[in-house]
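*Asks:* Quick one, structure for this:
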Amino acid sequence: MNHWPNRLLRSGAVLVLAALLLAFAPARAQNDGGIVSSTADYIYGQTMRFHLSATGIGPVHAITLYFRLGASADSFAVAIDVPAGQEIDVSYALDLTQTRLPPFIAVTYWWELERDEDTLIVPEQTISYTDDQFNWSQLVETDEAGGGSVRFHWTGEGTAVGERARDLVFEMLPRLAPLLPVEQVLPFDVYIYPSTADLSAAMRLAGRDFQPGQTYPELGVVLATVVNPETAEAELRPELARGLVDLLLFQGLGQSAYRIPPWLTHGLAGAVRGAADIPGDDALRAAISSESTLPVAELCAGLPIGGELAAAQSEALVSFIVTNYGDAAARDLVAAFAAGDDCPAALQRTLQLTPAQLEAAWLRSLHSSAGRSTAELAVWIGLAVAGFALAGLLLLRPRRPAA
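*Replies:* Numbering: from 1, shown residues only. Sure thing, here's the model as predicted:
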């Protein structure tokens, strides 16, 4: 992967301000002395309004507004009534209670004005449909080597939350690089909401049901929450890890990313999270001790990860695969699922193991590690006892009387 973020350029307020000004500046075109101006604005979850004004461009017979959503090649056309007189001042309101736009999507729009001898085309513009119920702070990180940029958005005062999210994302990206069959990271946004309730409300206004832990890679964003800035890192790590894995898989594989089973995506997220999941680790230790771990065949069935044990065991399995078969095995396993293999076929192709054999090998490695740890502990205890015994003998050894 030659285009993963390497060296970062930390942009300052001037760059961010310039980007915002460009995003909201009206398009102006001059034509034979005439002036055309186009703008758009919206109220989140209610309406998006497109405006066009023109003077000095001659008689106009028809006005058409075009817009398209995100990267889609399909566009929508709306015929606008031509006003009487020489000046044009028209608008079109898109009812967002009826047409539910995906949140955070980019809407590209342009106008065509038919005249006697030609058609005047107003250049394309883009407006980002972002939740405007909050005053967002923004920080942009750009990969100088050509891997695009990541834009971080958060609410509240100060820069600590945004900077912590930035540090974590660029800590995780290099860890993900060897594990995913993705050639290039495309630019994306990270939105950090102040609570799960706020995030849920924003998604609901845009016609999406939100469940904690759910990701929306097709939106091109990573969503997270930070309730308490003092615990931002602990809150962000699991959400950013899951969001990055799902987003980059979607970027690289498209709809095929949905073929990858939850145990593998959870395991990959655990591999790059960079911190232990203490409740999950406790659940896994208890299951190993009681011989009640989940059958790998059950995880292979593609069922959602519904508890701490399933999540922790998924992470342990991916860790076992990477440790014993290398990063390429995880990458090839992802590619096999994306190509349409079921779980037994994917494991056989990449590891030459059945689900039962993988489970047996993983459990053997756990018992072997436990045995080594016990033996090492016994050696250290033996050395300590021997040391104390030697010290006791020296203390009890009779001293020669002074001459």
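
*Asks:* now the end-to-end length of stretch 347-360.
*Replies:* 14 Å (Cα to Cα, to the nearest Å).

*Asks:* For the stretch 151-300 of the chain, which segments count as strands?
*Replies:* All strands of the stretch 151-300 of the chain, identified by DSSP state E, counting those that start in this stretch, fall at 188-193, 221-225.

*Asks:* Can I get those in CSV including distance to residue 105 and mean neighbour count?
*Replies:* All C-beta atoms are positioned from the backbone trio N, CA, C, and that covers glycine. Formatted as CSV, these follow (distance: least, Cβ to Cβ, whole Å; neighbours: other Cβ atoms under 10 Å):
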stretch, distance to residue 105, mean neighbour count
strand 188-193, 11, 23
strand 221-225, 9, 23
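
*Asks:* so can I have CSV of those showing mean pLDDT and distance to residue 211?
*Replies:* Putting these into CSV (pLDDT from 0 to 100; distance: least, Cβ to Cβ, whole Å) gives the following:
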stretch, mean pLDDT, distance to residue 211
strand 188-193, 94, 14
strand 221-225, 94, 12
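
*Asks:* What's opposite the closest residue to residue 74 other than its chain neighbours in the beta bridge?
*Replies:* Counting by Cβ to Cβ, 6 or more residues apart in numbering, residue 68 is the residue found nearest to residue 74 once chain neighbours are left out, at 6.3 Å. Residue 68 has these beta-bridge partners by DSSP bridges: residue 108.

*Asks:* quick one, which of the strands of the stretch 151-300 of the chain is nearest to residue 258?
*Replies:* When these are compared by Cβ to Cβ, strand 221-225 sits nearest residue 258, at 17.2 Å.

*Asks:* So what touches the closest one?
*Replies:* 104, 165, 169, 188-196, 198-199, 215-216, 235-236, 239-240, 243-244, 247 (Cβ atoms under 8 Å, 6 or more residues apart in numbering).

*Asks:* quick revisit: for the strands of the stretch 151-300 of the chain, which one sits closest to residue 308?
*Replies:* strand 221-225 (19.6 Å).

*Asks:* ok, the closest one: who's next to it in the sheet?
*Replies:* Assessed with DSSP bridges, strand 221-225 is paired to strand 188-193 (parallel).

*Asks:* Can you give me the pLDDT of the nearest residue to residue 217 once chain neighbours are set aside?
*Replies:* The shortest distance from residue 217 to any non-neighbouring residue, by Cβ to Cβ, 6+ apart, is to residue 250 (3.5 Å). Per-residue confidence (pLDDT) for residue 250: 93.

*Asks:* give me every residue that touches residue 250.
*Replies:* Residue 250 neighbours (Cβ under 8 Å, 6+ apart): 217-218, 257.
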